[in-house]
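A.B. asks: next one to model:
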Amino acid sequence: MALIYIQNLNFTYPNNKQRALKNVNFFVEEGEFVVLCGPSGCGKTTLMSQLKREIRPEGDISGNIYYRGEPINHMPKKQAVEEIGMVFQDPENQIVLDTVLHELAFSMENMGYDIKIMKKRIAEMSNFFGLEKMLHKPVNELSGGEKQILNLASVLLLQPKVLLLDEPTSQLDPIGAKRFLQMVHRLNRELSMTIIMSEHRLEDVFPLADKVIFMQKGEVKHMGNPRSISYKILMSGDAAQHNYLPSVVRMYSYLKKDIEQAEIPIDVREAKTVICNLIDKDEKQYSENSDICSKFSEKPVISLKDVCFRYDKNSPNILDKLSLDIYPGEFLTILGGNGAGKSTLLQIIAGLKKPQRGKVYFKGREMSRIKEGERYSKIGYLAQNPMLYFIYETVEDELYKRAEMLKTRVDDVEKLLMEYMDLFNLEPLLKRHPYDLSGGEKQRLAMATVLLSKPEVLLLDEPTKGLDPTFKINFQNMLDKLIKTGMTIIMVSHDIEFTAGNTYSCALLFNGEITSKDTSSNFFSENYFYTTSVNRTVREKLPKAIILEDVKKVCRKERHMPVKTASY
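C.D. replies: Residues are numbered from 1 along each chain as shown. As a prediction, this is how the structure comes out:
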């Protein structure tokens with residue numbers, strides 16, 4: 001008997017004619033690791049929320065959900081809370097108390113557990129997750145990765161049988177994400193805990209999955225193990241669906257003339273064996289100028305000189321004598337671990353925080369001497385949490401009232417609004433409340449409101465968080481257009497695959513300073529962890545190849561469209 005069985009499930013949000021879920025049917029066996037994937041807004045989060053009664057949204061529902069053979073609505077409340085746990089996409093939305101210890105104890109206190117049981121479980125969980133040294137630390141001092149680990153530990157203290165994870169790694173750095181997934185994998189393999197995870201970045205979760213469910217417009221389109229799903233999507237002829245597959249699978253499909261399902265690699269280890277044998281070219285070097293300054297001959301648009309910043313006078317510096325130059329028209333991505341100070345650096349560049357020491361210059365003018373109104377019109381800032389930008393009850397009001405405010409400052413703002421509504425596909429969402437949108441939809445709405453002011457410098461803090469691969473392509477096309485207008489873009493991101501394929505230069509923030517800045521090709525090809533699956537796979541033969549397009553340039557096949565020859 002299946003642990004979870006979903007039969008003909010349909011769901012529609014209030015005031016919406018279009019169903020968010022349409023005739024969804026599937027089952028989950030006990031101990032399975034299930035990955036939900038598909039376009040942003042396809043119903044992944046909505047589907048998982050139907051399994052967690054306490055957060056189930058209002059709306060019209062039909063069909064059946066069974067848990068251990070019984071309707072899930074018949075489960076006693078205590079059993080439902082304890083046996084089905086959930087970790088949300090945004091770590092901030094799940095934490096309610098002031099310190100790590102209080103947060104860990106919160107769920108058990110609500111359930112009325114005996115103090116001895118609470119102490120025992122907290123001690124065990126703290127040891128497993130390495131939380132002992134931070135038990136009395138305020139949660140607002142934790143990094144995004146630490147908060148997500150805390151959320152996972154808090155949920156596990158109730159010893160659930162099913163763990164629901166809604167894009168849990170979207171705000172984690174590459175190393176933190178791998179560490180988180182390793183812990184989840186251990187829970188699945190060592191405790192036989194059933195895992196249902198929604199995810200856009202499939203490079204690391206595909207090898208862990210027993211079953212993959214691909215959704216589109218509220219429906220289940222494909223279902224099976226990672227290899228069979230990959231084969232179905234590759235054979236479907238739908239090029240848009242191909243973007244949702246891991247890069248090693250797409251690389252294999254490009255290089256292999258006759259695809260064999262059993263041979264499809266799902267991780268780097270398998271890919272190195274299969275793909276390297278398919279590359280029939282000797283090692284080539286891309287003739288790329290690695291000198292950042294040689295590409296940008298103008299003076300820096302943003303310049304930071306020996307910047308120091310700390311949040312408390314007794315705490316160490318988050319930024320320590322940091323210096324960095326950003327040039328007009330440059331697309332720079334700043335990478336680094338959770339808690340390294342990347343978001344703080346963006347806020348200092350935006351003028352939202354003032355450094356205790358050092359100077360920040362905008363076009364040669366000291367930032368602190370530029371009036372607030374002028375600064376906000378010249379420098380646009382998209383924070384990591386898009387909810388900060390929403391003050392109205394509908395998406396329509398958010399957009400049109402924002403445009404009305406900018407009428408006197410921005411030419412043709414109404415025309416600009418129409419362009420962004422079309423670009424970000426916001427028209428179907430106009431009557432929705434911003435808080436009811438999916439993570440990717442919230443990000444798109446916030447991005448549109450920021451761009452309406454037509455800034456000269458655009459600061460983006462994790463802008464691809466929650467975005468599906470298809471929209472990332474559209475998003476990059478939009479960023480390319482902005483770059484061509486002369487806009488400078490500074491992005492903080494943990495999305496290695498997106499960064500490698502789209503930004504010109506990268507900088508690593510470590511120990512409070514920029515330790516390296518280089519072209520994307522040089523940066524990723526010389527790293528061990530901060531690099532792409534493609535580079536890990538083909539590095540021995542193609543050291544400078546960091547994305548699939550690089551491999552295509554070298555290994556053109558007759559059955560594919562001609563590619564312009566690159567110079568090596």
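
A.B. asks: let me see the ranges of the strands in the stretch 401-550 of the chain.
C.D. replies: 457-461, 488-492, 505-510, 513-519 (DSSP state E, counting those that start in this stretch).

A.B. asks: which of these sits closest to Ile279?
C.D. replies: strand 513-519 (23.1 Å; Cβ to Cβ). Yep, even glycine has a C-beta here, placed from its N, CA and C like the rest.

A.B. asks: for Met367, find the nearest of the strands of the stretch 401-550 of the chain.
C.D. replies: strand 457-461 (11.2 Å).

A.B. asks: which strands or helices does that closest one pack on?
C.D. replies: Contacts defined by 3 or more Cβ pairs under 8 Å, 6 or more residues apart in numbering; DSSP states H and E place strand 457-461 against helix 342-349, strand 379-382, strand 488-492.

A.B. asks: would you turn the ones you listed into a markdown table with mean pLDDT, distance to Leu508 and mean neighbour count?
C.D. replies: Compiled in a markdown table, the helices and strands packed on strand 457-461 are given as follows (pLDDT from 0 to 100; distance: least, Cβ to Cβ, whole Å; neighbours: other Cβ atoms under 10 Å):
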| stretch | mean pLDDT | distance to Leu508 | mean neighbour count |
| --- | --- | --- | --- |
| helix 342-349 | 92 | 10 | 23 |
| strand 379-382 | 91 | 22 | 22 |
| strand 488-492 | 94 | 12 | 24 |
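
A.B. asks: would TSV of those with distance to Ser368 be doable?
C.D. replies: Below are these laid out as TSV (distance: least, Cβ to Cβ, whole Å):
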stretch	distance to Ser368
helix 342-349	11
strand 379-382	13
strand 488-492	19
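
A.B. asks: with respect to Gln7, which of those lies nearest?
C.D. replies: Comparing these by Cβ to Cβ, strand 379-382 comes nearest, at 41.2 Å.

A.B. asks: please put the alpha-carbon coordinates of the closest one into CSV.
C.D. replies: The C-alpha trace of strand 379-382 is given here as CSV (Å, rounded to 0.1, in the frame of the first residue of the first chain):
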residue,chain,number,x,y,z
ILE,A,379,20.7,53.0,-8.6
GLY,A,380,18.0,50.4,-8.6
TYR,A,381,18.1,47.7,-5.9
LEU,A,382,16.2,44.4,-5.9
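
A.B. asks: got any ranges where this protein has weak pLDDT?
C.D. replies: 280-297, 556-568 (pLDDT under 70).

A.B. asks: highest average neighbour count across the strands of the stretch 401-550 of the chain?
C.D. replies: strand 488-492 (a mean of 24; mean count of other Cβ atoms under 10 Å).

A.B. asks: list the neighbouring strands of that one plus their orientation.
C.D. replies: Sheet pairing for strand 488-492, assigned by DSSP bridges, gives strand 331-335 (parallel), strand 457-461 (parallel).

A.B. asks: of the ones you listed, which is nearest Ile370?
C.D. replies: Among these, the nearest to Ile370 by Cβ to Cβ is strand 457-461 (12.1 Å).

A.B. asks: contacting residues around Thr46?
C.D. replies: When contacts are counted by Cβ atoms under 8 Å, 6 or more residues apart in numbering, Thr46 touches Phe11, Ala20, Leu21, Pro57, Gly218.

A.B. asks: hmm, I was thinking of Tyr504
C.D. replies: Here Tyr504 is in contact with Lys295, Glu330, Phe331, Leu332, Thr519, Ser520 (Cβ under 8 Å, 6+ apart).

A.B. asks: among the strands of the stretch 401-550 of the chain, which comes closest to Ser438?
C.D. replies: For the strands of the stretch 401-550 of the chain, the distance to Ser438 is smallest for strand 457-461, at 18.8 Å, taking Cβ to Cβ.

A.B. asks: quick one: secondary structure of Ile61?
C.D. replies: strand (DSSP: H, G, I helix; E, B strand; the rest coil).

A.B. asks: roughly how far does it sit from Thr344?
C.D. replies: 43 Å (Cβ to Cβ, to the nearest Å).

A.B. asks: could you do Phe424 as well?
C.D. replies: For Phe424 relative to Thr344 (Cβ to Cβ), the value is 28 Å.

A.B. asks: same thing with Asp412?
C.D. replies: Asp412 is 35 Å from Thr344, by Cβ to Cβ.

A.B. asks: can you pull out the strands in the stretch 201-350 of the chain?
C.D. replies: Under DSSP E, counting those that start in this stretch, the stretch 201-350 of the chain gives strands at 211-216, 219-224, 302-309, 319-326, 331-335.

A.B. asks: please identify the most buried of these.
C.D. replies: The most buried one of the strands of the stretch 201-350 of the chain (mean count of other Cβ under 10 Å) is strand 331-335, showing a mean of 24.

A.B. asks: can you list the neighbours in contact with that strand?
C.D. replies: 173, 326, 342, 345-346, 479, 483, 488-494, 496, 499, 502-509, 514, 517, 520, 530.

A.B. asks: just the CA atoms of that strand, as CSV, please.
C.D. replies: Output in CSV follows, covering the C-alpha atoms of strand 331-335 (Å, rounded to 0.1, in the frame of the first residue of the first chain):
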residue,chain,number,x,y,z
PHE,A,331,27.8,42.7,-15.7
LEU,A,332,29.5,41.6,-12.5
THR,A,333,28.4,38.7,-10.3
ILE,A,334,29.6,38.6,-6.7
LEU,A,335,29.9,35.0,-5.3
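
A.B. asks: for the chain, longest helix please?
C.D. replies: helix 174-191 (DSSP state H).

A.B. asks: show me the contact partners of that one.
C.D. replies: 31, 33, 129, 144-145, 148-149, 152, 156, 163, 165, 168-169, 172, 193-195, 197, 201, 204-205, 208, 337-338, 494, 496, 529-530.

A.B. asks: quick one on the thing from earlier: output the strands of the stretch 401-550 of the chain as TSV; include the columns distance to Pro246.
C.D. replies: Formatted as TSV, the strands of the stretch 401-550 of the chain follow (distance: least, Cβ to Cβ, whole Å):
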stretch	distance to Pro246
strand 457-461	25
strand 488-492	23
strand 505-510	22
strand 513-519	25
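
A.B. asks: distance of the nearest residue to Ile326 once chain neighbours are set aside relative to Glu526?
C.D. replies: In this structure, Ile326 finds its nearest non-sequential neighbour in Ile302, 4.2 Å apart by Cβ to Cβ, 6 or more residues apart in numbering. Look at Ile302 and Glu526: by Cβ to Cβ, they are 25 Å apart.

A.B. asks: also Glu219?
C.D. replies: Separation of Glu219 from Glu526 (Cβ to Cβ): 44 Å.

A.B. asks: again, but for Lys161
C.D. replies: 45 Å.

A.B. asks: which one's more surrounded, these two?
C.D. replies: Neighbours per residue (other Cβ atoms under 10 Å) separate Lys161 from Glu526, with Lys161 holding more: 18 against 14.

A.B. asks: so where do the strands sit in the stretch 51-200 of the chain?
C.D. replies: Assigned by DSSP E, counting those that start in this stretch, the stretch 51-200 of the chain shows strands spanning 60-67, 70-71, 84-87, 162-166, 194-198.

A.B. asks: tell me the contacts of the residue nearest to Phe523 when sequence neighbours are not counted?
C.D. replies: With sequence-adjacent residues excluded and distances taken as Cβ to Cβ, 6+ apart, Phe523 is closest to Cys506, at 4.1 Å. Residues near Cys506 by Cβ under 8 Å, 6+ apart: Leu332, Thr333, Ile334, Leu335, Thr499, Lys517, Asp518, Thr519, Ser520, Phe523, Phe524.

A.B. asks: also Gln148?
C.D. replies: Applying Cβ under 8 Å, 6+ apart to Gln148 gives the contacts Val87, Pro91, Pro168, Thr169, Gln171, Leu172, Gly176, Phe180.
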